[in-house]
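Novice: predicted coordinates and the sequence they were generated for:
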Amino acid sequence: MKKFLFIVALLVQQIDVLAVTVETTVNLNVYYPEYTKIDLVCGQMPKASQKDVEFCCEAAFTGELLNEFKHSNIADNHICNGEMKKGYRCKANTGGFVWGKGKWKFMRKADYPTDANGWNMGFCQLLIIKDGAVRPIGAKMKNNRNIYRALCEKDGKLCIIESKKVMTYEFFVKCLNTYKVTHALYLDMGRGWNYAWYREKGGKVKEIFPESKLTPSYKHRTNWITFYK
């Protein structure tokens with residue numbers, strides 16, 4: 001009995017220490033979630049009261065500002081909790097990401113799966129960097145100024161990277177490349193969509209762009225990449 005209680009206590013201790021590690025560079029904030037599962041949550045953003053959630057932020061683009069949720073309003077097909085859902089066709093998307101059974105894959109959109117096929121989650125977005133090489137940047141986008149966010153792989157770990165301040169898209173890509181990420185996939189941003197939150201050591205919730213909860217577009221968000229303990 002004592003041995004059983006010791007094992008349970010050890011497991012609880014291991015769960016408690018899971019959190020998000022934050023690194024910074026001159027131009028970037030980098031979030032490394034410690035997780036056991038990733039999902040694409042659709043319809044309603046995970047709440048801070050869900051103690052098993054480590055990090056969540058917007059993932060795929062939203063099509064229209066609808067008052068009701070529809071999977072068809074998410075850019076391209078996406079996988080939620082192991083099920084493929086049909087989204088609208090989005091020409092802007094050039095890549096995708098999938099995760100399942102502890103493995104992930106960044107890919108060109110042409111290689112995105114046609115069915116879930118064992119993947120727990122997945123979505124399409126603009127592919128920024130693939131296998132360490134920067135993808136072509138469109139002339140219309142390179143000078144756009146914003147605070148940007150991307151899902152990345154760095155030294156074999158997944159992370160979410162965000163620019164510290166407003167910058168051109170071309171400079172954001174340069175910063176990611178300088179940080180030497182292997183892969184990078186765009187994450188939806190903008191007023192309302194840029195709201196995110198994560199859990200610090202000890203379980204405290206830290207909000208990113210909390211002011212976005214007050215914008216009219218906040219209620220029209222549709223999907224969130226979510227990391228779980």
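Specialist: On my side now, so go ahead. In this text, all values refer to a predicted model and were calculated from it rather than measured experimentally. Numbering: from 1, shown residues only.
Novice: which residues touch residue 95?
Specialist: Applying Cβ atoms under 8 Å, 6 or more residues apart in numbering to residue 95 gives the contacts 106-109, 112, 124-128, 130, 135, 185. From N, CA and C alone the C-beta is placed, and that goes for glycine too.
Novice: next secondary structure after the helix-or-strand element of the chain with minimal mean pLDDT?
Specialist: The weakest-scoring helix or strand in the chain, judged by mean pLDDT, DSSP states H and E, is helix 2-17 (a mean of 37). Using DSSP states H and E, the helix or strand that follows helix 2-17 towards the C-terminus is strand 20-24.
Novice: any weak-confidence spans in this protein?
Specialist: 1-18 (pLDDT under 70).
Novice: hmm, try it at 50
Specialist: The model of the chain has pLDDT under 50 over residues 1-17.
Novice: where exactly do the helices run in it?
Specialist: Secondary structure of the chain (DSSP state H): helices at 2-17, 169-178.
Novice: double-check residue 183 against residue 156; I have them as touching.
Specialist: No. With contacts counted by Cβ atoms under 8 Å, residue 183 stays clear of residue 156, the gap being 10.9 Å.
Novice: which one's more surrounded, those two?
Specialist: Neighbours were tallied for residue 183 and for residue 156 using other Cβ atoms under 10 Å; the higher tally belongs to residue 183 (24 against 6).
Novice: residue contacts, the more buried one?
Specialist: Contacts for residue 183 (Cβ under 8 Å, 6+ apart) come out as 106, 129, 130, 131, 152, 153.
Novice: kindly report the same for residue 208.
Specialist: 57, 162, 194, 195, 196, 197, 198.
Novice: 7 Å instead?
Specialist: 195, 196, 197 (Cβ atoms under 7 Å, 6 or more residues apart in numbering).
Novice: what's the burial count for the nearest residue to the first one once chain neighbours are set aside?
Specialist: Read it as residue 195. Once flanking residues are discounted, residue 195 sits nearest to residue 212: 3.9 Å by Cβ to Cβ, 6 or more residues apart in numbering. For residue 212, the count of nearby residues is 19 (other Cβ under 10 Å).
Novice: check contacts around residue 212.
Specialist: 191, 192, 194, 195, 218.
Novice: so how far is residue 86 from residue 57?
Specialist: Plainly put, residue 57 is 23 Å away from residue 86 if you go by Cβ to Cβ, to the nearest Å.
Novice: between these two, which has more neighbouring residues?
Specialist: Neighbour comparison, residue 57 and residue 86: the larger count goes to residue 57, with 25 against 12 (by other Cβ under 10 Å).
Novice: chain neighbours aside, what residue packs nearest to that one?
Specialist: residue 196 (3.5 Å).
Novice: surely the one you found meets residue 56?
Specialist: Yes. Applying Cβ atoms under 7 Å, one finds residue 196 in contact with residue 56, separated by 6.4 Å.
Novice: need the overlap of contacts for those two.
Specialist: By Cβ under 7 Å, 6+ apart, no residue touches both residue 196 and residue 56.
Novice: ok now stretch 144-155, how far from the chain's centre?
Specialist: Chain-centre distance of stretch 144-155: 10 Å, with Cα atoms, centre = their mean, to the nearest Å.
Novice: how far does that stretch stretch from start to finish?
Specialist: Stretch 144-155 has an end-to-end distance of 29 Å (criterion: Cα to Cα, to the nearest Å).
Novice: same question, stretch 207-214
Specialist: This stretch, stretch 207-214, spans 14 Å end to end (Cα to Cα).
Novice: for it, which positions count as buried?
Specialist: Buried residues in stretch 207-214, defined by neighbour count with 16 or more other Cβ atoms under 10 Å: 208, 209, 212.
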